[in-house]
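A.B. asks: I need the structure of the sequence given here:
(one chain, ligands or ions: 3)
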Amino acid sequence: EKRIYRFGHDECGADVTEGTAHDNYTLGGKGANLAEMARIGLPVPPGFTITCQTCMDYARGGNAWPAGTLEAIAEARADLEQRCGKRLGDAADPLLVSVRSGAPISMPGMMDTVLDLGLNDESVLGLAAQTGNDRFAWDSYRRFIQMFANVVMGIDSDLFEHAITRAKAAAGVTADTELDAAALQGLVSTFKQIFAEHVSAAAHPELAGKDGAVAFPQDPEVQLTLAVAAVFGSWDCERARLYRRQNDIADNLGTAVNVQAMAFGNKGETSASGVAFTRNPATGEREFYGDYLVNAQGEDVVAGIRNTRPIEDLRHTPGLEAAGEQLERIFGILEQHYRDMMDIEFTIEQGKLYMLQTRVGKRTATAALKIAVDLEREGVITREEALLRINPAQLDQLMHPQIAKGAERNVIARGLNASPGAAVGGIVFSAADAVAEKEAGRDCVLVRWETTPDDLAGMTAAKGILTSHGGKTSHAAVIARGMGKPCVCGVDALRIDAARKEVAVAGTDLVLHEGDVISIDGGTGEVMLGAVALERPGTTGDLATVLGWADDVRRLGVRANADNPADARLSLELGAEGIGLTRTEHMFLGARKSIIQRFILADTSDERASAAEELSRAQEGDFYEILSAMNGLPVTIRLLDPPLHEFLDNPRDLAVRLAKMECEGASADELARTRALLARIDALSEANPMLGLRGCRLGFAFPELPVLQTHAIARATVRLKREGKNPRPHIMVPLVCLNAEIREMRAIVERAIIDVEVETGVRLGEIPVGTMIELPRAAVMADRIARHADFFSFGTNDLTQTALGFSRDDVEGKVLPAYLEGNIIPRNPFETVDEGVAKLVGMGCELGRAARPGISLGVCGEHGGDPDSIRTFYDLGLDYVSCSPYRVPQARLAAAQATL
Ligand code: ADP
Ligand code: MG
Ligand code: MG
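C.D. replies: Ligands and ions are numbered 1, 2, ... in the order given. Model (predicted):
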């Protein structure tokens, strides 16, 4: 088995690269793209990549080297030394390498990298002599010890940072860069001591000398072997696992390890390191975007340690102009080659440019749309490719609130507009507090100096992220954009004291405390005091263009689930082609609750009839509005579905009230009435309400219900017809499993329609009557049911519950997290339709069509808006999906992608 692939040039300058960009499952994304860049002639420091499979073999063997691996590494190292004309650890002119992680699917900042490997007490002198730069050599050595100790040995970096602080104090300087060679040499001794004190000889016998004491490893081979093992191990660290779970990345891919000759960005004023995007990843604008730092190594830029400079300054900086121009040419080459917006890491060593990484750039939804549309117009990609470039789930971001036009903004500070959208919430200063606030149901904004991968859970929980340090490519910015979270970063004016949970705003006497409400605008970089009014944006511009393209190619219809006129209008705006589900139970709540209560609890049939009439009239108004808003489009109205006790008072509350009344000496009459009421409600309580008296079963228990609801629908239809409108109601019977149920219900509904025709003298024509398919029996007996149903709508929420026997409310909190963690189940079946449930849906479709050719088939569960499920439904041959209004745009795009 080939474990190692070379990339870059040999000693004669000839390219010896073995992999390509397509090998990312073998070489990891970083290795594959390093290979690709080298292959197309870009300046890449030479190196080699150890495969992802080796990482998994190493892990499966209980962290033991698979046979032959160490030998292969030794051989690749010797080859690299030959290609570079230098040797690791050489006392005269040493080679230094980085040991870099790189997974098949990018997990930015999640895993580890060690820089400057190969330095030891001898080679540091060689590096100094070769470069004529003592300071640089000692600075590199102390960086290496610090990184090696942290990444490979797990020693807290703070120990080293504190030592640096002490050294600066001793030297009377404030910046790291002001420490001279002698001071840095002193730091190296201190660092080695810290290392020796914190590594246990028992855990690392290979580092112990004859006297049993641990010392910093001097042998480059030991350094390299330990570093590779540590990078392999980082695949399985906690934060990497969390990231994979959140991003649906498999746990069995492993990471590759790239061993690469170092390029030095810290060799003085004509050296620099930076990160860049070929276009603006926040807006998609065609402009160079990125940051760099002069005289710095790569990590310094992302860590937000010093404030960076914008990339366009590069070509105006003495000594860096040529590299800056070359970099801009390379932006163009990479975009043409990859046909996409790219993300780049580079280093300039004494004026010479090196490319250290590229990958397809992460971007916000706004940018994804703009870039796809622009690339199509530039002729770089086809319209189909443009559609496939956009992640449908990301469109959800665009439905997120923005600051309302004309809203008053009390701006207290400004920073970088790192990730668009607006957030309002109380300030929190730690990830843990953000999580706690979210759990308490409160919105919060996470305020940090800069975020680190350990803040991930808090960033997920917060509404928005605000930092005082770091540029637009800092950790906070990159992760926030990936999550679609608003982010403002690098707000210099903020003086954060996380320990005291307060933040002062420089230049003002403002001091904010935990819980104080602020608003941030990630589109402008503004930080505002108090809660600013938010609004939802519409579907215009690039979104409209892309959705228009999607509508041209998709064959699956998209409808919305809407229960009220406002949602109906919203779904139209977002492109719904009808309403796939109107739930009528919400219409019985609020002020109307007392009417339905009277209906349920009525003593006489007269009382019940009068309550029914009142309910019917109230519903008629709702249906009138919805049918009017959706003029000409189908509106599927579901008859009452939930168990009746949902409309009644909670018996426990009522019992408490009764006890109180007894104490307070209420009249005997009143007490008797309340007791009777409580008895009634108790009688209606069920052991398992979701499988009890609900759905069409209600219609058999209370035959007035389907009649009064149908009357309301039919009368609203008559009114609209009289106004010359084109109402298109469809009446849907819920929770059917027996064909007699739909047969009887259909008869009741049809008679009720005739009642209204007689009453009004208006012919209503055929109002389609259909059924939900949400029980397994209905799916497998769908041919029988189809005889009495004009349409099916698959209720995949209940179908998932009943097919898997998962009570959603119980399982989502208790069972599923463990199942997902343990890979017992691949996805949450309530988010993405389960295979078995899909099989039932497919069976229902086939049987339904066989019995009634042309029967209309839709899906109205949550899955109707989920892109992966939409592909499944398209493949099963459904006619349409129906989802919540805000998911309509993503459903339109996903439906288009399913056909491509
Ligand atoms: P990550 O995946 O976290 O970005 P990288 O492997 O890309 O980790 O490395 C971390 C930093 O070190 C980056 O800024 C990168 O540019 C820099 N770096 C990595 N290898 C080299 C090298 N051979 N020469 C100079 N800088 C390097
Ligand atoms: Mg990187
Ligand atoms: Mg249901």
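A.B. asks: contacts for the longest helix along the chain?
C.D. replies: Among the segments of the chain that qualify as a helix by DSSP state H, the longest is helix 605-629. Residues outside helix 605-629 that contact it (Cβ atoms under 8 Å, 6 or more residues apart in numbering): 562, 564-565, 568-569, 572, 579, 582, 584, 587-588, 592, 595-596, 598-599, 602, 635, 637, 704-705, 707-709, 711-713, 715-717, 719-720, 725, 727-729. C-beta coordinates here come from the backbone N, C-alpha and C atoms, glycine included.
A.B. asks: in helices, which of the residues you listed fall?
C.D. replies: 565, 568-569, 572, 595-596, 598-599, 704-705, 707-709, 711-713, 715-717, 719-720.
A.B. asks: give me the buried entries from the residues you listed.
C.D. replies: 565, 568-569, 572, 595-596, 598-599, 704-705, 707-709, 711-713, 715-717, 719-720 (16 or more other Cβ atoms under 10 Å).
A.B. asks: which ones, among those, also lie beside ligand 2?
C.D. replies: The overlap between these and the neighbours of ligand 2 (Cβ under 5 Å from the ion) is empty.
A.B. asks: domain ranges for this protein?
C.D. replies: According to automatic domain parsing, the chain comprises the domains 76-261, 272-360, 400-533, 557-643+686-899.
A.B. asks: tell me if the shortest one is near ligand 1.
C.D. replies: Yes. Domain 272-360 comes into contact with ligand 1 (Cβ under 6 Å from any ligand atom), by way of 297, 298, 299, 345, 347, 356, 357.
A.B. asks: just the terminal-to-terminal distance for that domain.
C.D. replies: End-to-end distance for domain 272-360, by Cα to Cα, to the nearest Å: 23 Å.
A.B. asks: for this structure, what lies in contact range of ligand 3?
C.D. replies: Going by Cβ under 5 Å from the ion, the residues of the chain near ligand 3 are 774, 795, 798.
A.B. asks: sort out for me which of the residues of domain 272-360 next to ligand 1 are in strands.
C.D. replies: 345, 347, 356, 357 (DSSP state E).
A.B. asks: the residue in the stretch 251-400 of the chain that ligand 1 sits nearest to: neighbour count?
C.D. replies: Residue of the stretch 251-400 of the chain nearest ligand 1, by Cβ to the nearest ligand atom: residue 298 (2.2 Å). The number of residues packed around residue 298, counting by other Cβ atoms under 10 Å, is 22.
A.B. asks: okay, and the beta partners of the residue lying closest to it once chain neighbours are set aside?
C.D. replies: Closest residue to residue 298 apart from its sequence neighbours, by Cβ to Cβ, 6 or more residues apart in numbering: residue 273 at 4.6 Å. Taking DSSP bridges as the rule, residue 273 bridges to residue 293, residue 347.
A.B. asks: tell me the pLDDT at the residue of the chain found nearest ligand 3?
C.D. replies: When distances are taken as Cβ to the ion, the chain reaches nearest to ligand 3 at residue 798, 3.6 Å away. pLDDT recorded at residue 798 is 95.
A.B. asks: repeat for the one 10 residues further on
C.D. replies: Note for residue 808: predicted pLDDT of 84.
A.B. asks: in this structure, which helix or strand is least confident?
C.D. replies: helix 298-302 (a mean of 75; mean pLDDT, DSSP states H and E).
A.B. asks: partner strands of the following helix or strand past that one and their direction?
C.D. replies: Counting by DSSP states H and E, the element after helix 298-302 in chain order, helix or strand, is strand 309-310. Strand 309-310 pairs in its sheet with strand 289-294 (antiparallel), by DSSP bridges.
A.B. asks: would you mind listing the buried residues in the partner strand?
C.D. replies: Of all the residues in strand 289-294, those buried under the rule 16+ other Cβ under 10 Å are 289, 290, 291, 292, 293, 294.
A.B. asks: biggest separation within the ones in strands among the residues of domain 272-360 next to ligand 1, which pair?
C.D. replies: Greatest spacing in those, by Cβ to Cβ: 347 and 357 (10.1 Å).
A.B. asks: these two: which has the busier surroundings?
C.D. replies: Taking other Cβ under 10 Å, residue 347 and residue 357 do not tie; residue 347 has more neighbours (26 against 22).
A.B. asks: I'd guessed that one sits against residue 261; true?
C.D. replies: No. Assessed by Cβ atoms under 8 Å, residue 347 is found out of contact with residue 261, at 11.3 Å.
A.B. asks: gap between residue 540 and residue 513?
C.D. replies: 40 Å (Cβ to Cβ, to the nearest Å).
A.B. asks: show me which of the two is the more surrounded one.
C.D. replies: residue 513 (12 against 8).
A.B. asks: tell me the confidence at that one?
C.D. replies: 97.
A.B. asks: so what's residue 529 closest to, chain neighbours aside?
C.D. replies: Residue 529 sits nearest to residue 410 (Cβ to Cβ, 6+ apart), 4.6 Å away.
A.B. asks: would you check that the one you found makes contact with residue 526?
C.D. replies: No. With contact defined as Cβ under 8 Å, residue 410 does not count as touching residue 526 (9.7 Å).
A.B. asks: when these two are compared, which one has more neighbours?
C.D. replies: For residue 410 versus residue 526, neighbours defined as other Cβ under 10 Å are more numerous around residue 526 (22 against 12).
A.B. asks: do you know the pLDDT at that one?
C.D. replies: 95.
A.B. asks: repeat for residue 558
C.D. replies: 98.
A.B. asks: give me the contacts around the helix or strand harbouring it.
C.D. replies: Assigned by DSSP H and E, residue 558 belongs to strand 557-561. Here strand 557-561 makes contact (Cβ under 8 Å, 6+ apart) with 567-568, 571, 574-583, 634, 636, 858, 860, 864, 879-885, 888, 891-892, 895.
A.B. asks: if any of those residues are buried, put those into a ChimeraX selection.
C.D. replies: A single ChimeraX command is used to select the members of these judged buried by 16+ other Cβ under 10 Å:
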select :567,568,571,574,575,576,577,578,579,580,581,582,583,634,636,858,860,864,879,880,881,882,883,884,885,888,891,892,895
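A.B. asks: now, which of the contacts of strand 557-561 lie within strands?
C.D. replies: 579, 580, 581, 582, 583, 634, 636, 858, 880, 881, 882, 883.
A.B. asks: which one of these is nearest ligand 2?
C.D. replies: The nearest one, if we look at the ones in strands among the contacts of strand 557-561 relative to ligand 2 and count by Cβ to the ion, is residue 883, at 37.3 Å.
A.B. asks: now do the buried residues in the helix or strand hosting residue 503.
C.D. replies: Using DSSP H and E, residue 503 maps to strand 502-505. In terms of neighbour count (16+ other Cβ under 10 Å), strand 502-505 has its buried residues at 502, 503, 505.
A.B. asks: for the last one, name its beta-bridge partners.
C.D. replies: Same thing as residue 505. Going by DSSP bridges, residue 505 forms beta bridges with residue 494.
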